[in-house]
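Everything below, folded, please.
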Amino acid sequence: MRVVGAFLALSLFSSVFAQQVGRRAPGFALPDLNINYHDLYDYRGKIVMLDFIQTACPVCQTSQRIYERIRLKYPDKVAIIAIVIPPDTQQTVRKFVTDFAVKTPVLFDCGQVTGSYLKLTPQSPTATFPNLFIIDPQGIIRAHHEYKGGEEKYFEQLDPLMQEIEGMLKGAPAGPAAPPKPPATKK
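Residues are numbered from 1 along each chain as shown. As a prediction, the model looks like this:
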């Protein structure tokens, strides 16, 4: 789903997405529905799945089933957090949480945190939702998945995301699996 606003922009060049992975995750402290603040630093030591969503986005809605299964499997090792921006309100988030049985925090941002993660600039006022960041226990972004109209399996299938999380729990970096290396040849 696309949202247009002067405060949001997203570069469409793949080099920007490559710059997302491997950098320190920008810190934040944002409120949830009950005005309880969640600070990213409080989640150190866990893998954090940080999902930028819009509650009216059908993909954002259906991906909640996948995230709930991960939450149930790894309650002490993985934290799942959603962040919304306007036009979402307390009412739309409350309905989203109820309708889709969301058990993880949904936080409110006015655009600054979203902008810092997506490296938004005033030159392009378009962002695509959802955007999922996977942050390692040390606070480094290890994967960034942007929904691209059905091309991105991480929002609609459990297995790819579960494999990525399980790999990180075993110490492997997140992201799609690298192709196998050819066997070494003797000279």
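
show me what contacts Phe133?
Residues in contact with Phe133 (Cβ atoms under 8 Å, 6 or more residues apart in numbering) are Gln20, Ala25, Val48, Met49, Leu50, Asp51, Phe52, Tyr117, Ile141, Ala143, His144. (Glycine included, C-beta is placed from N, CA and C.)

Chain neighbours aside, what residue packs nearest to the residue positioned nearest the centre of the chain?
Relative to the mean C-alpha position of the chain, the nearest C-alpha, by Cα atoms, centre = their mean, is the one of Leu132, at 2.2 Å. Leaving aside its sequence neighbours, Leu132 sits nearest to His145 (Cβ to Cβ, 6 or more residues apart in numbering; 4.5 Å).

Same question for Thr104.
Nearest to Thr104 is Ile80, by Cβ to Cβ, 6+ apart, at 4.2 Å.

strand partners of the helix or strand containing the one you found, parallel vs antiparallel please.
Element membership of Ile80, judged by DSSP states H and E, is strand 78-84. Applying DSSP bridges, strand 78-84 is found paired with strand 47-53 (parallel), strand 106-108 (parallel).

any residues touching it, and which ones?
With contact meaning Cβ under 8 Å, 6+ apart, strand 78-84 is reached by 30, 38, 43, 46-55, 60, 67, 70-71, 92-93, 102, 104-109, 113-114, 165.
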